[in-house]
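Asks: After the sequence you'll find the predicted model.
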Amino acid sequence: MKIKSIILALAVLILACSMTAIAAENVDVSGHTFEVPDGYKIDNTTDEQVILTNDKGYAIVVLFSDEIANNDDAIKNLEARGYKFIAEGNYDSSDHNVSQQNYEKDGLTVYSYNFELNDGKYCICTLTIPSDQPAPEGDDNPITGIIKTIK
């Protein structure tokens, strides 16, 4: 009887561990929540932003703001700080019209995505990766998951 109890306890423990590994971690910032992309961990948070990092040295910053600079001003501001503007574009993702701008500096590529939320706040997500790495696309882009799960 004692062996059955031990086996049952181990089975419950294994089941509990596997369920927590499957469940996605959520983060709450500035009244909005979203899922932390697979492989990323929360590095730092403030009232308006969260910084996520992974083991490859990639970084994501998600910032919520009541106002946003127009794209031309953002480009000028970053170029004045040494960033090289690469490209920009717009696309629809879930319920959001997303504006994307790409920059390079010091061997890093910065992908910046900004869009307006339903409550009138703006969300700016940046993904920074080494410039020698391919640009993530579609579901391979961790920002896609953030945009799809943001509430």
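Replies: That came in fine, so what should we check first? What you see is a predicted model, and the numbers here were worked out from it, not measured in a lab.
Asks: Please make it C-alpha for all contacts and neighbour counts, starting now.
Replies: OK.
Asks: Next one: Asn54 from Leu108, what distance?
Replies: The gap separating Asn54 from Leu108 is 15 Å, by C-alpha to C-alpha, to the nearest Å.
Asks: next one: Gly39
Replies: For Gly39, the distance to Leu108 - C-alpha to C-alpha - is 20 Å.
Asks: what do you get for Ile86?
Replies: 12 Å.
Asks: Show me which of those two is the more surrounded one.
Replies: Shown here are Ile86 and Leu108; by other C-alpha atoms under 10 Å, Leu108 has more neighbours (16 against 12).
Asks: Mind pulling the model confidence for that one?
Replies: Confidence at Leu108, expressed as pLDDT, is 95.
Asks: Surely it is in contact with Ala135?
Replies: No. Using C-alpha atoms under 8 Å, Leu108 is not in contact with Ala135; the gap is 11.4 Å.
Asks: For Ala80, grab the count of nearby residues.
Replies: So Ala80, with other C-alpha under 10 Å, has 10 neighbours.
Asks: what residue ranges in this protein are flagged as low confidence?
Replies: In the predicted model, the chain carries pLDDT under 70 at residues 1-24, 69-70, 94.
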